[in-house]
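In: need a structure here:
(chains A, B and C)
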Amino acid sequence: MNTLTYWFHKLGSPPTFHRIATRVEPWCLALALALGAIGLYGGFVLAPRDYQQGDAYRIIFVHVPCAWMGLFAYAFMAVNAFIALVWRIKLNEVLAMASAPVGAAFTFVTLVTGSLWGKPMWGTWWTWDARLTSELFLLFLYFGVIGLHNAIEDRRQAARAASFLALVGVVNLPIVHFSVNWWNTLHQGSTVRLFGPSKIDASMLWPLLLMALATHIWFFASVLARARAGLIELDAGKDWVRKLAQDDAS
Amino acid sequence: MTPTRKRRLIIVSLVLAAVAVAATLIALTLGENTNYLYSPSEVHAGHVPADATFRLGGVVLENSVKRASDSLRVDFIVTDRFKEMPVQYTGILPDLFREGQSIVATGKMQGDHFAATQILAKHDETYMPPEVHDAIDKAKHAQAPLAGAAPEREQ
Amino acid sequence: MREFFEMGGYGSYVWASLAVFLTVMAVELWSARAQQRRQLAQVRDRMRRSAARSRNTP
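Out: Predicted coordinates:
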């Protein structure tokens, strides 16, 4: 066995993962809070007004990072679900299920802030265009995964059934992302692009990217916290969990 | 990879591929119906059935907005820079409504004009401070006469 | 300062968005922590009961 697979197996073992996650999580949280505070200050205080939308555009600094995270969390969940279904690795089942509530939270914030942005700018809280509809569908997919996971008694079977739903729902991801290009929508196209120049001034871009970084790190902190809980639940009878429970009580 | 894992990998991949194909087919069939709005050109070409409520999208033509002095009634022309469509609307307009702005009007045709029941403003994906926008505008105006003058100088 | 909070007349929308974001994130983190505490408490509960059973049946 080479070193890489050795570390892979070691990290994949619940007690090791739990120990590392416990140590990493507070740092992730602190870093996310610090970056988020700077990002929000930059976006809500330092960034200039928009030439067209005035100050209302500042909703972008929470709306867009949350929208990215809703998609990112789903992709993360789907990759783990795939590994969980094919290789039946306990850790990946737990990670897939841990990312669903976080992703749902981000998607929910995306929809609500989008609505708060739409009312003053577009003139409506909601409209059934392709982008908004597919984003709402994304939220329902998250609810479906969470619901299915809670509905089945056996925890590992529940995780695999919910993983299957998560994997099937992955077709919605490109629809959400490309809906503004494929169809005529009220929602505008992408502002920040990986390839080619972004259509946002540099003074507004840096707080946005900082917020994106902060929400990514926050996502991992939350997933680690939930994965720890999930591992404890699955390994409830094991010695390492009993020891942990005793240490926690004292 | 063990045979069981290989089998699971193939099954999961096949299911995923089947779902992707199904989704693509649905998206392609929906195609036209999912279009949120029609442009004035499409309306003139008869793509919209008569008496149907639909959304008209385009730019508010410059110097075309006429507001009634005694009511909330507004008359203006929506254009896609090829064809034009007169629009009539009574009600409160969104903050972004202005000449040269993209809008989406919901309503139906009434004779030769479009009677709107709702006006939504569309904004693009560009964000910049007002000063930058002014600077770009100024640069454009400075460029325009030069571009127009260039062919003349060649003669 | 007042001008800052008014956000050019869009204050209610802008600050409501920020409030929703911060609230949902806080609740999300709290629920993750609560889940962990609940699982550990369940494990302890089970340990206590099995310890009590082994005492009662010599």
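In: Every contact and neighbour count from this point should use C-alpha atoms.
Out: Noted.
In: which element is residue 4 on?
Out: By default, I'm working from chain A. According to DSSP states H and E, residue A:4 maps onto helix A:3-12.
In: right idea, wrong chain: chain C
Out: Taking DSSP H and E as the definition, one finds residue C:4 inside helix C:2-6.
In: and what of residue B:88?
Out: Element membership for residue B:88, per DSSP H and E: strand B:84-90.
In: need the next SSE after that strand, C-terminal direction.
Out: Sequence order places strand B:102-110 as the next helix or strand after strand B:84-90, per DSSP H and E.
In: For the closest residue to residue A:67 other than its chain neighbours, grab phi and psi.
Out: Among residues not flanking residue A:67 along the chain, residue A:110 sits closest, at 5.3 Å (Cα to Cα, 6 or more residues apart in numbering or on different chains). Dihedral angles of residue A:110 (phi, psi; degrees, to the nearest 10) stand at phi -60, psi -50.
In: before we move on, back to that, give me the mean pLDDT for the strand holding residue B:88.
Out: For strand B:84-90, mean pLDDT is 92.
In: ok and it relative to strand B:102-110, angle-wise?
Out: 90 degrees (axes from the mean of the first three to the mean of the last three Cα atoms, to 10 degrees).
In: which helices and strands does strand B:84-90 pack with?
Out: Here strand B:84-90 touches helix B:40-44, strand B:73-79, strand B:113-121, going by 3 or more Cα pairs under 8 Å, 6 or more residues apart in numbering or on different chains; DSSP states H and E.
In: Mean pLDDT, distance to chain C and mean neighbour count added to the ones you listed, as a markdown table?
Out: Formatted as a markdown table, these follow (pLDDT from 0 to 100; distance: least, Cα to the nearest Cα, whole Å; neighbours: other Cα atoms under 10 Å in any protein chain shown):
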| stretch | mean pLDDT | distance to chain C | mean neighbour count |
| --- | --- | --- | --- |
| helix B:40-44 | 89 | 32 | 16 |
| strand B:73-79 | 92 | 24 | 20 |
| strand B:113-121 | 91 | 16 | 20 |
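In: Next, format these as TSV and append distance to chain A.
Out: Output for the helices and strands packed on strand B:84-90, formatted as TSV (distance: least, Cα to the nearest Cα, whole Å):
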stretch	distance to chain A
helix B:40-44	13
strand B:73-79	16
strand B:113-121	4
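In: phi, psi of the residue of chain A found nearest chain B?
Out: Closest contact between chain A and chain B, by Cα to the nearest Cα, is at residue A:51 (4.0 Å). Backbone torsions for residue A:51, taken as degrees, to the nearest 10, come to phi -60, psi -30.
In: and the residue lying closest to it once chain neighbours are set aside, what does it touch?
Out: Nearest residue to residue A:51 in three dimensions, chain neighbours excluded: residue B:130, at 4.0 Å (Cα to Cα, 6+ apart). Applying Cα atoms under 8 Å, 6 or more residues apart in numbering or on different chains, one finds that residue B:130 lies in contact with A:49, A:50, A:51, A:52.
In: how near is residue B:130 to residue B:64?
Out: Using Cα to Cα, to the nearest Å, one gets 25 Å for the distance from residue B:130 to residue B:64.
In: what does residue C:1 give?
Out: 39 Å.
In: of these two, who's got more company?
Out: Shown here are residue C:1 and residue B:64; by other Cα atoms under 10 Å in any protein chain shown, residue B:64 has more neighbours (14 against 5).
In: Tell me the secondary structure at the more buried one.
Out: coil (DSSP: H, G, I helix; E, B strand; the rest coil).
In: Name all residues that make contact with it.
Out: Residue B:64 neighbours (Cα under 8 Å, 6+ apart): B:75, B:76, B:77, B:99.
In: nearest to residue A:132, of those?
Out: Minimum distance to residue A:132 across the contacts of residue B:64 is 26.4 Å, recorded for residue B:99 (Cα to Cα).
In: what number of residues lie near that closest one?
Out: That count, for residue B:99 with other Cα under 10 Å as the rule, works out to 17.
In: Pretty sure it sits against residue B:62.
Out: Yes - if you go by Cα atoms under 8 Å, residue B:99 and residue B:62 touch, sitting 5.0 Å apart.
In: what about the residue nearest the centre of chain A, which helix or strand?
Out: Chain A has residue A:73 as the residue nearest its centroid, 3.1 Å off, counting by Cα atoms, centre = their mean. Assigned by DSSP H and E, residue A:73 belongs to helix A:60-87.
In: Same check on residue A:186?
Out: Under DSSP H and E, no helix or strand contains residue A:186.
In: which helices and strands does the longest helix seen in chain C pack with?
Out: Counting by DSSP state H, the longest helix found in chain C is helix C:11-56. Using 3+ Cα pairs under 8 Å, 6+ apart as the contact test, the elements touching helix C:11-56 are helix A:60-87, helix A:90-121, helix A:202-234, helix A:239-249.
In: Am I right that residue B:52 is in contact with residue B:108?
Out: Yes - taking contacts as Cα under 8 Å, residue B:52 lies within contact range of residue B:108: 6.1 Å.
In: from the middle of its chain, how far away would the helix holding residue C:4 be?
Out: Centroid displacement of helix C:2-6 relative to its chain, using Cα atoms, centre = their mean, to the nearest Å, is 32 Å.
In: Would you mind checking the average pLDDT for it?
Out: 83.
In: is that helix up against chain B anywhere?
Out: No - in terms of Cα under 8 Å from any Cα of the partner chain, no part of helix C:2-6 sits within range of chain B; the closest distance is 16.0 Å.
In: Tell me where chain C is predicted with low confidence.
Out: Scanning chain C for pLDDT under 70 picks out the ranges C:57-58.
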